[in-house]
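1. with the sequence up front, the predicted model follows.
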Amino acid sequence: MPGTTATGLRIPEAALRGRACNASHQQALRAILILNSLANTNLRVAVRHQNHFLQAGAESMLRRSDCVTLVEHEGLSSEQVPTDVIVTDLQQGLAMAIEAKVDESSQRHPRVLVLAFHVKDYPATVALECGVKGLISSSCNEQDLLRAVHRVSRDEVFLPARMWERLSESRIWESLSPRESEVLQLIASGLSNKEIARALDIGEPTVKSHITTLMCKLGVKRRSEAAALALELGLVESHELSM
C-alpha cells in the first residue's frame, strides 16, 4: 500500500524503502515519514512562556497543526489539565523538570521543551541534567517546533542539530572541574591572575596551574581563545565580558 503524507501526497512504499535513492531523496523521504508520524498523533501541548512574543509565536505555529491540541494551562496543574508537553522558558522549565523528578508520580507531569532566544551548550546540559527533555531556538520554523514537540512527547531528548554535533565531539562541561569553570569565567570577565587569586581566595601559583590545565582541556593556547570559548559555551554572557 502506498504511503500518504500529511498533505495528502501518496508515496509508494517501494520508493520509501528504495536503496537506490540518493542522499537528497533520502532526506526528503525522512521528512515525509516524520510528517506521517506527526499526522497520526494528537498531542496536548501547553505554552507557558515569560516572553509574550515567544508565547504568541509558539501558540500560533502549534494552532496551525492538526496533530496538536493547544490547551490552557495557566494556574492549573497537570492533573487538572492533562498535558503531554509544555513549551516554556528556561527558568520555568527547570522548576517544572525538577518538580517532576522529585514527585514520585512524575508520569503525570508533562515533558518540558524550552524555547529560548539563544540555546548554548552549558545551560543546555544543565537543563538536561535537571530533567528538561528538549531545547529549541526561537528562530525555529513550524516544522522544527512540531518535530521537537513530537520527540519530547515520546520522552526523547531534542536539541538543535549543531549542538548535537558539538556535544558529541567534546564533553567540555564534564571535563572541567568546578574550580576550573570558575577560573574560566573570571578569565572571560577580564581578570588578571592576581585578581582571580584574590576573588577565589587562592594562591596565584594555584591560579596559573588551573589555567594551564583548563587551557589544555579546551585545546586553546591563549587566554583570549579560552574567553571566546567560554562565551560560546554559555559559561558567561556577552555583557559580562570586559576584555
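-> It's in.

2. break down the chain into its helices, ranges please.
-> Using DSSP state H, the helices found in the chain span residues 13-17, 23-39, 52-63, 90-102, 121-130, 142-153, 161-169, 172-175, 178-188, 193-200, 204-218, 223-233.

3. outline the domain layout of the chain.
-> Domain segmentation of the chain under automatic domain parsing yields 3-38, 42-167, 172-240.

4. now the ones you listed in CSV, with mean neighbour count?
-> (C-beta placed from N, C-alpha, C; glycine too.) As requested, the domains of the chain are exported to CSV (neighbours: other C-beta atoms under 10 Å):
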stretch, mean neighbour count
domain 3-38, 12
domain 42-167, 17
domain 172-240, 16
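
5. pLDDT weak spots in this structure?
-> For the chain, the stretches flagged by pLDDT under 70 are 1-41, 73-81, 104-108, 121-122, 165-174, 232-243.

6. ok, 80 please
-> 1-41, 72-81, 101-108, 119-125, 161-176, 217-221, 225, 228-243 (pLDDT under 80).

7. if we can go back for a sec, now the helices of the chain as TSV including distance to Pro82?
-> Converted to TSV, the helices of the chain look like this (distance: least, C-beta to C-beta, whole Å):
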stretch	distance to Pro82
helix 13-17	34
helix 23-39	20
helix 52-63	16
helix 90-102	14
helix 121-130	23
helix 142-153	12
helix 161-169	31
helix 172-175	35
helix 178-188	40
helix 193-200	48
helix 204-218	45
helix 223-233	37
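
8. nearest to Leu113, of those helices?
-> Proximity to Leu113, assessed across these by C-beta to C-beta, is greatest for helix 142-153 (4.8 Å).

9. show me what that closest one is packed up against.
-> Counting contacts by 3 or more C-beta pairs under 8 Å, 6 or more residues apart in numbering; DSSP states H and E, helix 142-153 packs against helix 23-39, strand 43-48, helix 52-63, strand 85-88, strand 111-116, strand 134-137.

10. hmm, who's touching the third one?
-> Just to be clear, that refers to helix 52-63. Identification of contacts with helix 52-63 by C-beta atoms under 8 Å, 6 or more residues apart in numbering yields 45, 47-49, 68, 70, 87, 89, 115, 117, 138, 142, 145-146, 149.

11. from those, pick the one nearest Leu218.
-> For the contacts of helix 52-63, the residue nearest Leu218 by C-beta to C-beta is Phe117; the value is 25.3 Å.

12. please state the backbone phi and psi of the closest one?
-> The phi/psi pair for Phe117 (degrees, to the nearest 10) reads phi -60, psi -40.

13. my read is that it contacts Cys140, right?
-> No. Between Phe117 and Cys140 there is no contact under C-beta atoms under 8 Å: 11.3 Å.

14. follow-up on the earlier one: closest one of the contacts of helix 52-63 to Pro205?
-> Lowest distance from Pro205 to those (C-beta to C-beta) belongs to Phe117, with 40.6 Å.

15. distance of that closest one from Asn193?
-> Applying C-beta to C-beta, to the nearest Å, the value for Phe117 to Asn193 is 34 Å.
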